[in-house]
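mind looking at a prediction? Sequence and model below.
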Amino acid sequence: MKYRIDLHCHSRFSADGVSEPEEMVQAARERGLHGFAITDHNTCACVDYFLSAGLMREDGHPVDGFLILPGQEITTSAGHLLALGVRLPDLKGIGPAEAVGLIKEAGGVAVPPHPYDNFRAGIRESVLDGLALEAIEVFNAAVTFKRANQRAYEYAQKRDLAMTAGSDAHHVEAIGTACTVLEIHDFTVKGALAAIRRGAAGLEQRYMSKTQALKKTWSNVFRIGSKTRRHVPRPHP
């Protein structure tokens, strides 16, 4: 069966994110997504929140038909790297090759996001060439210039890498703008990762609206991460 999953989403637990976890799930469901990956910057705090709120399961199965993949966007010494399907500590500053190794060792998939966006901290081609990758993000809905996505697609073809698409949403309005369509035989985190490795059944590619992009830029500039520290996870009753 085919499932629509946004593989790049941020919550208020990211320093530049503003989305409440529950609102993320509601918005994703309303837009017809079957799940998303939570990829906050250098933290898995929202994963813990989702688990405590009963919106994720430790065994990787969906909750009420909706699947949240644990993850993180690691700020490596050479740029950002998505760690999909795993819970890791803050690894900010780690070397990219070491990060890829840790992600694989934990059973996850390492996916470099926006590698050709020169205005964002992507891992560049000279470094990508030396990484043992299985997949790469070829469509990012928030990319600065569309050509960056095209170059990522061309690189994936050159190396025969699996391809992903994601919204890179930092606010709920943008969730699902872009997503990856996966043919998943076992609708669990493990099954979704296997589907990513096999290759997407399709990529839904839409760019953020100017309003959405402005909101993301505003969050990036002012780094309203104080909200992350003010909110305390509410345990599931």
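The structure has been received and is ready for your questions. The shown structure was predicted, so the numbers you read here are calculated from the model rather than taken from an experiment. Residues are numbered from 1 along each chain as shown.

so residue 128 touches residue 155, yeah?
Yes. The pair residue 128 / residue 155 is scored as a contact, 7.0 Å apart, by C-beta atoms under 8 Å. For the C-beta atoms, the positions are set from N, CA and C on the backbone; glycine is no exception.

shared neighbours of the two, anything?
115, 136 (C-beta atoms under 8 Å, 6 or more residues apart in numbering).

give me the element residue 75 is part of.
strand 71-76 (DSSP states H and E).

report the angle between the next helix or strand after that strand and strand 71-76.
Downstream of strand 71-76, the next assigned helix or strand under DSSP H and E is strand 79-84. Using axes from the mean of the first three to the mean of the last three C-alpha atoms, to 10 degrees, the direction of strand 79-84 lies 160 degrees away from that of strand 71-76.

for strand 79-84, give me every contacting residue.
7-8, 37, 39, 69, 71-74, 96, 99-100, 102-103, 106, 108-115, 120-124, 127, 137, 193, 196.

next SSE after that strand?
helix 96-105.

what are the contacting residues of that following helix?
74, 76-79, 81, 83-84, 86, 88, 91, 94, 109-110, 123, 127, 130-133.

run the last query once more with 10 Å
In this structure, residues lying in contact with helix 96-105 by C-beta atoms under 10 Å, 6 or more residues apart in numbering are 71-72, 74-86, 88-89, 91, 93-95, 108-112, 123, 127-128, 130-134.

residue 160: how many residues sit nearby?
Per other C-beta atoms under 10 Å, the neighbour tally for residue 160 reads 7.

phi and psi next, for it.
phi 60, psi 50 (degrees, to the nearest 10).

ok, residue 55 next?
Here is the backbone geometry of residue 55 (degrees, to the nearest 10): phi -100, psi -10.

cool, residue 56 as well?
phi -130, psi 160.

quote the end-to-end distance of stretch 6-19.
Using C-alpha to C-alpha, to the nearest Å, the end-to-end distance of stretch 6-19 comes out at 15 Å.

which among the contacts of strand 79-84 end up buried?
7-8, 37, 39, 69, 71-74, 96, 99-100, 102-103, 108-115, 120, 122-123, 127, 137, 193, 196 (16 or more other C-beta atoms under 10 Å).

export stretch 93-101 as PDB, just CAs?
Extracted in PDB, the C-alpha atoms of stretch 93-101 (Å, rounded to 0.1, in the frame of the first residue of the first chain):
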ATOM      1  CA  GLY A  93      29.400  19.400  15.700                       C
ATOM      2  CA  ILE A  94      30.000  15.700  15.000                       C
ATOM      3  CA  GLY A  95      31.800  14.800  11.800                       C
ATOM      4  CA  PRO A  96      29.400  13.800   9.000                       C
ATOM      5  CA  ALA A  97      31.000  10.400   8.300                       C
ATOM      6  CA  GLU A  98      30.800   9.500  12.000                       C
ATOM      7  CA  ALA A  99      27.200  10.700  12.100                       C
ATOM      8  CA  VAL A 100      26.200   8.500   9.200                       C
ATOM      9  CA  GLY A 101      27.900   5.600  10.900                       C
END
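
no further queries at this time; thank you.
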